[in-house]
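1. Here's a sequence, model it:
(chains A and B)
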Protein chains: 2
Amino acid sequence: MTDAVKENNIEGLKDLIQKKDDVAIIGLLTPLHPSDIAKLFANLEEEEKIYIFSLLDPTVASNVLLEVDEPTREKLIASISKAELTEIVDEMATDDAADVIAELPHEEAKTVLEGIGWEESAEVQKLLKYPEDTAGGIMQTELVMINEDATIQETIEQVRTKSEEISNIHNVFIVTEDTRLVGIVPLEKLILARPHLPVKDIMNPEPIKVLVDTDQEEVARIFQKYDIVTVPVVDAGGRLLGRITIDDVMDVIEEEIFEDFYKMASLNTDERVLDPAARSLKLRFPWLLVNLATAFLAASVVKVFENTIQTVVTLAVFMPVVAGMGGNAATQTITVVVRGLALGELELKYAKKVLIKEVMVGFANGALNGIVAAIAAYLLGVNYMIGVLLFLAMIANLVIAGFSGTIIPLILKWYKSDPALSATVFVTTCTDVGGFFSFLGLAALFLKYGLLS
Amino acid sequence: MTDAVKENNIEGLKDLIQKKDDVAIIGLLTPLHPSDIAKLFANLEEEEKIYIFSLLDPTVASNVLLEVDEPTREKLIASISKAELTEIVDEMATDDAADVIAELPHEEAKTVLEGIGWEESAEVQKLLKYPEDTAGGIMQTELVMINEDATIQETIEQVRTKSEEISNIHNVFIVTEDTRLVGIVPLEKLILARPHLPVKDIMNPEPIKVLVDTDQEEVARIFQKYDIVTVPVVDAGGRLLGRITIDDVMDVIEEEIFEDFYKMASLNTDERVLDPAARSLKLRFPWLLVNLATAFLAASVVKVFENTIQTVVTLAVFMPVVAGMGGNAATQTITVVVRGLALGELELKYAKKVLIKEVMVGFANGALNGIVAAIAAYLLGVNYMIGVLLFLAMIANLVIAGFSGTIIPLILKWYKSDPALSATVFVTTCTDVGGFFSFLGLAALFLKYGLLS
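-> Coordinates of the predicted model:
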């Protein structure tokens, strides 16, 4: 029902492309939403996409272009003339136009900017100046605003005039002579009020608004907190510059969460699953090199105890168990802490409480898993003192995991750095070093006092 | 600017609570948005929260109750009488009322359901029957609908009547005599049309809609795809049951992404950072036990090569380096693949392409890091043949990481299971076993042929 695109349509469509039956193709695509056409593209060959794209009228083409993935967008743009591209960009809202133009080579961008209407071009060029991840970078300049002295009838007229070029109006913004924002009127209030009254009488005089340099993540939080669908963007002087609609914010929320987890996994946030191998290699290699350095640090701890391992070689068998369990427990703690910080559930004043809790959970989980590991080792016929070592080292390492898994993201947050950024690398270094040191160190002590042989 | 709650307000508020100066407290809170009052609560003691909550009028109290975290909500609900709770729930939209009532003990839920209006109670009871994670579970029954034969003037009258009890109207739903949905009219169209025309003339006759049993994640995707702010929910017969607004969907998106990463980190999706230690212990222990079992599996591989390690004890030093690098590379691959699957970028038909790519990236990263590791080991004065072993085993294990990190999430997806669920456990088992086996196995071969001593 929600999927207008059916599998059998695609085979039919491919046939029609082969036959170059343009009339039938257009007939098939016309009832579809641009998002559905974009989805359909995923099942077509490159030449087929380009062929269909050339048949779309500029309005539909502009929407399709915004919905397809980036590699496809690049290819479609490359397939059309500058004049056609200009026509398509002209159909877009200023924020989308700015996004597309920002991706073009300099010369081409200039041509398109010269080709679209003078007014839109000026707006787009203004938008291009704001950093991508701020309110200014995601806002659009299309909105309905009216002077504070207007009547409701005049306001409705303004909505009528603007409704042809602007979609999702939702609100009218009320401004002073010098465009300072003084209020907001939602459309439903406009419908219900008496036409001759001043619009000031029905406006919300203290609307939620954001400054143009507000971080986009903060903008997203404001949408969530106040359950609004659009927010005005103002400069430091309170002048209205644009508005952000909720559809732009949804993508921001998704993007920001994935970024946290990408950073936790030592990944560059720009990497995508369909990137070519060379790009993935280039982006991942530096992080793996960092990990290699920390692995050598852990290895140097083992090196200290070479003689101990030489004496009781079974230690080498169980050594990775302790380190591995520490790494796993640490990942659990970091994930919970990073999520709490991202959602604002974990404020710094709870730091001590969470730290104590995580150490306690680490201790208890260490003891429980340590007992299981000791019994399992004993049943496998290993010297029972190795079981005791496993038990003690597991407790020590899971406490280290709980402590470092909490404190390291918090410290990174405290210093305004990103709590997810490389937390995992630091923490697993702690658990590797801690795991090897506690297990092998205790073994050396046991050996020294004749408890192990 | 967006934060109406300032730090100095909190101390003043605490003072006023001490003095029981109710008039001043109400004066301080009245200009605040309920979300800001809820945020303020995070800085107050439990008794202070309860005191302030008792002063709020039911409309504000109901909004605050929906915005505070779950433990606070439970305490606030426990602090008031059933009559007061009934009054507060009565103020809520049906979807929020259903969520609150679902959390109450059976007896209390019954009392509240009997106390709120007969009509709302019937609606809430209907909502309680739908599974929590479906369209039915997140929809509200408050909406503006009108018969298809109505005029635009009558439709505006209907909006006027309903606007007192319903917020965020956005659209009017046009239905047949037996409530089958036939169209949608956005409010802006309503403003601009001639009042005497039939509403049918201006409606969108093919609105996006969802079936009541659609999964909430699918609902969220539809909002994102079509950039809409509200969607009607219908039964199999096409009858209008309710509507979902975008604010409910934003929470769903956030929740679903975090769930993926929770599962990847072997965490129960219900765990929260401020949970008590006993709960975290109970939720995490089973997953660590699974990890312990896989760690023993890896240990058993090392056990096979005990004699090899006895002969060349330095192997024990570098063994964890190979396994650790494999684990890290595997986490990179899984994270990229799970993200691609979650966003729909990675479809199963690309499986082969991604698999080949990840194996290639694994090979290249293995070779590069292997060279660095070999040189580092040599510089540390280790037998150069150990460096050769490190190089070869690193390539083998990073290829294993790329292969298993791609194929395991894909297989889980293929079998309609959750690609994030325990993928990490399976994959790191592969890299641990693979790492130890390749490094120690090659060492045993080298020893046998006199290449290592």
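
2. can you map out the strands along the stretch 201-350 of chain A?
-> With DSSP state E, counting those that start in this stretch, the ranges of strands along the stretch 201-350 of chain A come out as A:210-211, A:230-234, A:240-245.

3. Just send these back as TSV, with distance to chain B, mean neighbour count and mean pLDDT too.
-> (Glycine included, C-beta is placed from N, CA and C.) Below are the strands of the stretch 201-350 of chain A laid out as TSV (distance: least, CB to the nearest CB, whole Å; neighbours: other CB atoms under 10 Å in any protein chain shown; pLDDT from 0 to 100):
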stretch	distance to chain B	mean neighbour count	mean pLDDT
strand A:210-211	7	21	96
strand A:230-234	9	24	96
strand A:240-245	8	24	94
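
4. So which of those is nearest residue B:368?
-> strand A:240-245 (43.1 Å; CB to CB).

5. Specify the angle between the closest one and strand A:230-234 in degrees.
-> Relative orientation of strand A:240-245 versus strand A:230-234 (axes from the mean of the first three to the mean of the last three CA atoms, to 10 degrees): 150 degrees.

6. who does strand A:240-245 touch, helix- and strand-wise?
-> Judged by 3 or more CB pairs under 8 Å, 6 or more residues apart in numbering or on different chains; DSSP states H and E, strand A:240-245 is in contact with helix A:135-138, strand A:171-175, strand A:230-234.

7. Could you list the contact residues of the stretch 101-250 of chain A toward chain B?
-> Taking CB under 8 Å from any CB of the partner chain, the part of the stretch 101-250 of chain A that reaches chain B is made up of A:156, A:159-160, A:163, A:168-170, A:187-188, A:190-192, A:206, A:208-211, A:214, A:218, A:222-227, A:229, A:246-247, A:249-250.

8. The residue in the stretch 51-200 of chain A that chain B sits nearest to - how many residues pack around it?
-> Nearest residue of the stretch 51-200 of chain A to chain B: residue A:187, at 4.6 Å (CB to the nearest CB). By other CB atoms under 10 Å in any protein chain shown, the residues close to residue A:187 number 21.

9. ok, now residue A:21?
-> 13.

10. Distance check, it against residue A:76.
-> Distance of residue A:21 to residue A:76, given as CB to CB, to the nearest Å: 21 Å.

11. Next: residue A:316.
-> Look at residue A:316 and residue A:76: by CB to CB, they are 57 Å apart.

12. returning to that earlier point: the residue of the stretch 51-200 of chain A closest to chain B against residue A:160, yeah?
-> No: using CB atoms under 8 Å, residue A:187 makes no contact with residue A:160, being 11.9 Å away.

13. Could you tell me which residues touch both of those two?
-> Common contact partners of residue A:187 and residue A:160 (CB atoms under 8 Å, 6 or more residues apart in numbering or on different chains): residue B:191.

14. what residues go with each domain of chain A?
-> Domain assignment for chain A, taken from automatic domain parsing, gives A:7-133, A:145-261, A:277-448.

15. From the centroid of chain A, which residue is nearest?
-> The residue lying closest to the centre of chain A (CA atoms, centre = their mean) is residue A:255, at 1.6 Å.

16. Which part of the stretch 301-450 of chain A gets nearest to chain B, residue-wise?
-> Closest point on the stretch 301-450 of chain A to chain B, by CB to the nearest CB, is residue A:340, at 3.1 Å.

17. check contacts around that residue.
-> So residue A:340 contacts A:346, A:354, B:272, B:273, B:274 (CB under 8 Å, 6+ apart).

18. now do residue A:240
-> A:143, A:145, A:173, A:175, A:179, A:180, A:181, A:232, A:233, A:234.

19. if we go to 7 Å?
-> Neighbour list for residue A:240: A:145, A:173, A:175, A:179, A:181, A:232, A:234 [criterion: CB atoms under 7 Å, 6 or more residues apart in numbering or on different chains].

20. per-residue confidence for the closest residue to it other than its chain neighbours?
-> Nearest non-adjacent residue to residue A:240, counting by CB to CB, 6 or more residues apart in numbering or on different chains: residue A:181, 4.6 Å away. Looking at residue A:181, its pLDDT is 96.

21. and what of residue A:196?
-> Value for residue A:196, per-residue pLDDT: 90.

22. Likewise for residue A:416?
-> For residue A:416, pLDDT reads 68.

23. With the one 3 residues further on instead?
-> Note for residue A:419: predicted pLDDT of 66.

24. of residue A:316 and residue A:76, who's got more company?
-> Taking neighbours as other CB under 10 Å, residue A:316 and residue A:76 compare with residue A:316 leading, 28 against 22.

25. how about the nearest residue to the more buried one once chain neighbours are set aside, what does it touch?
-> Spatial nearest neighbour of residue A:316, chain neighbours left out: residue B:316 (4.0 Å); criterion: CB to CB, 6+ apart. By CB under 7 Å, 6+ apart, residue B:316 lies in contact with A:302, A:309, A:316, B:309.

26. State the pair within those that is farthest apart.
-> Largest separation among those by CB to CB: A:302 and B:309, giving 11.5 Å.

27. Compare these two and say which one has the larger neighbour count.
-> residue A:302 (28 against 24).

28. For stretch A:17-31, the averaged confidence score.
-> For stretch A:17-31, mean pLDDT is 89.

29. Pull out the buried positions in it.
-> A:17, A:25, A:28, A:29 (16 or more other CB atoms under 10 Å in any protein chain shown).

30. repeat for stretch A:300-318
-> Buried, per 16+ other CB under 10 Å, within stretch A:300-318: A:301-303, A:305, A:308-309, A:312-318.

31. These into a markdown table, with extra columns for distance to residue A:450?
-> Shown next, in a markdown table, are those (distance: CB to CB, whole Å):
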| residue | distance to residue A:450 |
| --- | --- |
| A:301 | 24 |
| A:302 | 23 |
| A:303 | 24 |
| A:305 | 18 |
| A:308 | 14 |
| A:309 | 18 |
| A:312 | 13 |
| A:313 | 18 |
| A:314 | 17 |
| A:315 | 16 |
| A:316 | 21 |
| A:317 | 22 |
| A:318 | 20 |
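
32. Which ones among these map onto helices?
-> With helices taken from DSSP state H, the overlap with the buried residues of stretch A:300-318 comprises A:301, A:302, A:303, A:308, A:309, A:314, A:315, A:316, A:317, A:318.

33. Now render those as CSV, adding pLDDT.
-> Below are those laid out as CSV (pLDDT from 0 to 100):
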residue, pLDDT
A:301, 94
A:302, 94
A:303, 94
A:308, 94
A:309, 94
A:314, 94
A:315, 94
A:316, 94
A:317, 94
A:318, 95
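
34. Among these, which one sits closest to residue A:403?
-> Closest to residue A:403, out of all of those and judged by CB to CB, is residue A:301, at 18.0 Å.

35. residue contacts, that closest one?
-> Shown in contact with residue A:301 (CB under 7 Å, 6+ apart): A:433, A:436, A:437.

36. And residue A:188, by the same measure?
-> With CB under 7 Å, 6+ apart, residue A:188 has these contacts: B:159, B:163, B:169, B:187.

37. In which helix or strand does it reside?
-> Using DSSP states H and E, residue A:188 sits within helix A:187-192.

38. Enumerate every residue touching residue A:296.
-> B:321, B:376.

39. So it versus residue B:319, what's the distance?
-> Distance from residue A:296 to residue B:319, by CB to CB: 13 Å.

40. If you count contacts, what does the helix or strand of chain A with the lowest mean pLDDT end up packed against?
-> Each helix and strand of chain A was given a mean pLDDT (mean pLDDT, DSSP states H and E); the minimum falls on helix A:7-18 at a mean of 79. Judged by 3 or more CB pairs under 7 Å, 6 or more residues apart in numbering or on different chains; DSSP states H and E, the packing partners of helix A:7-18 are helix A:22-29, helix A:46-55.
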